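Participant: sequence and predicted structure are below.
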Amino acid sequence: MLVKIYGSAIYGVTAQTITIEVSVDTPGVGYHLVGLPDNAIKESSYRISAALKNVGYKVPGKKITINMAPADLRKEGSAYDLSIAIGILASSDQIVSDNIADYIIMGELSLDGGLQPIKGVLPIAIKAREEGFKGFILPKQNTREAAIVSNLEVYGVENISEVINFFNKGLPLERTVIDTRKEFQDKINYFPFDFSEVKGQETAKRAMEVAAAGGHNIILIGPPGSGKTMLAKRVPSILPPFTLKEALETTKIHSVAGKIGSETSLMTVRPFRSPHHTISDVALVGGGSYPQPGEISLAHNGVLFLDEMPEFKRTVLEVMRQPLEDRVVTISRAKFTVNYPASFMLVASMNPSPSGYFPDDPNNTSTSFEMQRYMNRLSGPLLDRIDIHVEVQKVEFEQLADRRKGEDSLAIRERVMKAREAQNERYQDLEISYNAQMGPKEIERFCELDEVSRNLIKTAMDKLSLSARAYDRILKVARTIADLEGTSEIRSDHIAEAIQYRSLDREFWNI
C-alpha cells in the first residue's frame, strides 16, 4: 500500500515541502530509502525500529521503499524520523491513514519512542500555512516557536504513541495557541543592560547615540578597563524596537540555526552577537558542507560586536567587507545557492597599541613602529565601512565614585526613534531606510552644505590629514546629527562633531 506523508526541508531561511512516499509490498524483504538522504536519515531505520518496538508496534518484515521527493534535492538531519515511522505504520495498515495528508509531521525519535527537538520550525510552519496544510505535528519543545504562525493548528507531542493514537483512535492532541502580538508587545522593552549604569564616558555615549540613530558602524579605541565592552552591550537598548516583521525575520534565522529555546516563541529584543577572536571565517559569515547561518546573520537586525578587533584573523575580517556593503550573505555550492540576511550594526573595539595604552600614557611600552604595525592589522577597505571612530579615555576615580545615575537608555532611545522617523520619511520612496545606507547619489541630494560648512570640512581634511574616504562618512554622520536635533539643514557644528568621529583617518594618529 502506498502512503504519502509530508515533511519539510530548510534551504537558507526558507522551507520546502518534502513528500515522503512509503510503499510496503509483498513479496520481498528489505529497506530502501531514496531521494538524496544524508547519513542521519539513512540511520533513521535503526531509531524507528527500536522506537516502534518499545511502543508496541513493529517494522513489517516486508519490502519497504521510501522516496523523499523532490528526489534531486539533498535532505539532511534526523527530523524526518517521525514522518517515516508514521508512513511505515500507515502503509502497513497498522494505523488509519485517512487524514494524514492534512498535516506536516516532523520530529527526531529516541529509542523509547520519545521525541527530540528539531531546527527550523518557524520557516516550516510558515510554509505549511502557505501551502494550505491544516496542522503541524512536532516535538513539544518546539511548539511555542511554531505557534507564532496564525491560521495553523500546532500540536506538540512527547511520544510517537500520541501521534499513533491521534490518527488510529481519534484521541485529541493538545493544541498550542499564542497571541503573537500581545507577547511581542509585552516583552519588546525588556533589556538586561542600561546606559544609566555607565559612569562618565559622555563623549562615547554621544557617539553611540549618533551611531544608533543613523545605523552607523562604530569602532571604540581605548585602554583596557575604559568601558568599551560595557558600552557595546548597551547598544541594543537604544536601538528602535523591533517591528513585527523584523522580529519574524530574525527569529527565522535563529530557528534555522537551532538557537530558539523551548520557552521562547518570538524574539522581541534585537540580537547582540559577540564572537570570540578565534572564530573562523565560515563560522562568522556562514557556510559549511551543509550551509548554516553564521554570526553575522544571527546578528541580523541587531548588533555584531567584535571585541579587540585587531586580534581577529585578517581573513576573517576581510570576508565581512561584502556583507557590510550588500547586507546579505550568499553561500554557493555546486548544486544550489542559499542567501542569508546580514543587515547588522557593527560595533568594534580595540586598544590603541599592543600594550593597550595611548602614546601619552606612562604605562605605554610600545614603540611607534609596533603601534603602526598593530594598526595596520585593520585594512583600509574595512575601515572604509566604519563610519564612526571614537576614542574612549579611562574613567577617573571621581566619576566612578559618583553615585548619581546617568541618562537611561529609554530617554536616549526616544531621541534615536525620532531621528529614525525623520529618515524613514525622507527615504520613503527609496530602497534605503537610514543614513548609513546612503550612496553617492543620496549624499549629493540630502547632504547639501553651506559655504561655512564646506570650508570647515576642507580645512579639516587639509589640517588633520583626513583621507578622501572620510569625506562621505563625515557627511553621513553629520546628516544623522542634524536629524537628532530635528533640523533639515546640515550646519557647521554638525560637521565639526562628525569630524571628531574620524580618529583612525588622521595620519599617524597614534604616534
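Facilitator: Great, that's in hand.
Participant: contacts, neighbours, all on C-alpha from now
Facilitator: OK.
Participant: centroid-nearest residue for the chain?
Facilitator: Centroid-nearest residue in the chain, with CA atoms, centre = their mean: Leu298, separated by 2.2 Å.
Participant: touching, it and Ile253? I think so.
Facilitator: Yes. Counting by CA atoms under 8 Å, Leu298 does reach Ile253; the two are 6.4 Å apart.
Participant: tell me, how many neighbours does Thr264 end up with?
Facilitator: 15 (other CA atoms under 10 Å).
Participant: mind checking pLDDT for it?
Facilitator: pLDDT, Thr264: 72.
Participant: ok, it to Gln141 distance?
Facilitator: The gap separating Thr264 from Gln141 is 10 Å, by CA to CA, to the nearest Å.
Participant: ditto for Leu504
Facilitator: Note on Leu504: its distance to Gln141, by CA to CA, is 48 Å.
Participant: these two: who's more crowded?
Facilitator: Comparing Leu504 with Gln141 by neighbour count (other CA under 10 Å), the higher total belongs to Leu504, at 21 against 18.
Participant: please name the nearest non-neighbouring residue to Gly258.
Facilitator: Using CA to CA, 6 or more residues apart in numbering and skipping the chain neighbours, the partner closest in space to Gly258 is Lys119 (4.8 Å).
Participant: which residues in the stretch 201-350 of the chain form helices?
Facilitator: 202-214, 228-233, 244-256, 281-285, 295-298, 314-318, 321-326 (DSSP state H, counting those that start in this stretch).
Participant: of all these, which one is nearest Leu109?
Facilitator: Between Leu109 and these, the tightest spacing by CA to CA is seen for helix 244-256, at 19.3 Å.
Participant: low-confidence ranges, this protein, go.
Facilitator: The model of the chain has pLDDT under 70 over residues 186, 262, 505-511.
Participant: which strand is the longest one in it?
Facilitator: Ranked by number of residues, the top strand in the chain under DSSP state E is strand 14-25.
Participant: what is the subsequent helix or strand relative to that strand?
Facilitator: strand 30-34 (DSSP states H and E).
Participant: now that following strand - C-alpha only, PDB.
Facilitator: Extracted in PDB, the C-alpha atoms of strand 30-34 (Å, rounded to 0.1, in the frame of the first residue of the first chain):
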ATOM      1  CA  GLY A  30      14.400  -5.000   2.500                       C
ATOM      2  CA  TYR A  31      14.500  -1.400   3.500                       C
ATOM      3  CA  HIS A  32      15.200   1.000   0.600                       C
ATOM      4  CA  LEU A  33      15.500   4.800   1.200                       C
ATOM      5  CA  VAL A  34      16.000   7.000  -1.800                       C
END
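Participant: and that strand, what does it pack onto?
Facilitator: Packed against strand 30-34, as judged by 3 or more CA pairs under 8 Å, 6 or more residues apart in numbering; DSSP states H and E, are the following elements: strand 63-69.
Participant: packing partners of the strand it packs on?
Facilitator: Contact here means 3+ CA pairs under 8 Å, 6+ apart; on that basis strand 63-69 packs against strand 14-25, strand 30-34.
Participant: nearest to Ala460, of those?
Facilitator: Taking CA to CA, strand 14-25 is the member of the helices and strands packed on strand 63-69 nearest to Ala460, at 48.6 Å.
Participant: in its sheet, what does the closest one sit against?
Facilitator: According to DSSP bridges, strand 14-25 has the following sheet partners: strand 2-11 (antiparallel), strand 63-69 (antiparallel).
Participant: which SS state does the nearest residue to Ala468 once chain neighbours are set aside fall under?
Facilitator: Leaving out its chain neighbours, the residue that sits closest to Ala468 by CA to CA, 6+ apart is Met461, at 7.9 Å. Classification of Met461 by DSSP: H, G, I helix; E, B strand; the rest coil places it in helix.
Participant: for Met461, the count of nearby residues, please.
Facilitator: That count, for Met461 with other CA under 10 Å as the rule, works out to 17.
Participant: just checking, it touches Asp472?
Facilitator: No. Counting by CA under 8 Å, Met461 sits too far from Asp472 to count as a contact (11.9 Å).
Participant: report the beta-bridge partner residues of the nearest residue to Ser332 once chain neighbours are set aside.
Facilitator: In space, Ser332 comes closest to Val338 once its chain neighbours are excluded; the distance is 6.6 Å by CA to CA, 6+ apart. Following DSSP bridges, Val338 is listed with bridge partners Ile331.
Participant: wait, isn't Val338 in contact with Tyr11?
Facilitator: Yes. Counting by CA under 8 Å, Tyr11 is a contact partner of Val338 at 6.5 Å.
Participant: these two: which has the busier surroundings?
Facilitator: Remark: of Val338 and Tyr11, Tyr11 carries more neighbours, 22 against 17, as counted by other CA under 10 Å.
Participant: isn't Ala460 right next to Glu497, touching?
Facilitator: No. Applying CA under 8 Å as the test, Ala460 and Glu497 come out as separate, 11.5 Å apart.
Participant: picking up where we left off before, thinking in terms of the whole chain, how far from its middle is the longest strand of the chain?
Facilitator: Put simply, strand 14-25 sits 30 Å off its chain's centre (CA atoms, centre = their mean, to the nearest Å).
Participant: quick one, strands of the stretch 251-400 of the chain?
Facilitator: Assigned by DSSP state E, counting those that start in this stretch, the stretch 251-400 of the chain shows strands spanning 272-273, 286-287, 292-293, 303-306, 328-332, 337-341, 345-350, 388-391.
Participant: quick check: buried residues in the fourth one?
Facilitator: By 16 or more other CA atoms under 10 Å, the buried positions in strand 303-306 come out as 303-306.
Participant: each with direction, which strands does that strand pair with?
Facilitator: Short version: by DSSP bridges, strand 303-306 pairs with strand 272-273 (parallel), strand 345-350 (parallel).
Participant: do the third one as well
Facilitator: Each strand pairing with strand 292-293, determined using DSSP bridges, is listed with its direction: strand 286-287 (antiparallel).
Participant: next one: the longest helix along the chain to chain centre, how far?
Facilitator: Secondary structure of the chain per DSSP state H: the longest helix is helix 409-426. Its chain's C-alpha centre and that of helix 409-426 lie 22 Å apart, by CA atoms, centre = their mean.
Participant: Phe136 - that's part of a strand, no?
Facilitator: Yes. Judged by three-state DSSP, Phe136 forms part of a strand.
Participant: wait, doesn't it sit right on Ala101?
Facilitator: No. The criterion here is CA under 8 Å, and Phe136 misses it with Ala101 at 10.9 Å.
Participant: looking at these two, which is more packed in?
Facilitator: Counted by other CA under 10 Å, Phe136 and Ala101 do not tie: Phe136 has more neighbours, with 27 against 16.
Participant: what's across from the more buried one in the sheet?
Facilitator: Beta-bridge pairing for Phe136 (DSSP bridges): Ile104, Val154.
Participant: any idea how far it is from Arg144?
Facilitator: Computed as CA to CA, the Phe136 to Arg144 distance reads 12 Å.
Participant: double-check Ser488 against Ile481; I have them as touching.
Facilitator: No. Using CA under 8 Å, Ser488 makes no contact with Ile481, being 10.5 Å away.
Participant: circling back: wait, which of the strands paired with strand 14-25 is closest to Ile124?
Facilitator: The nearest among the strands paired with strand 14-25, by CA to CA, is strand 2-11 at 6.2 Å.
Participant: more neighbours: which of Ser488 and Ile481?
Facilitator: Ile481 (26 against 12).
Participant: and that one, what does it touch?
Facilitator: 210, 494, 498 (CA atoms under 8 Å, 6 or more residues apart in numbering).
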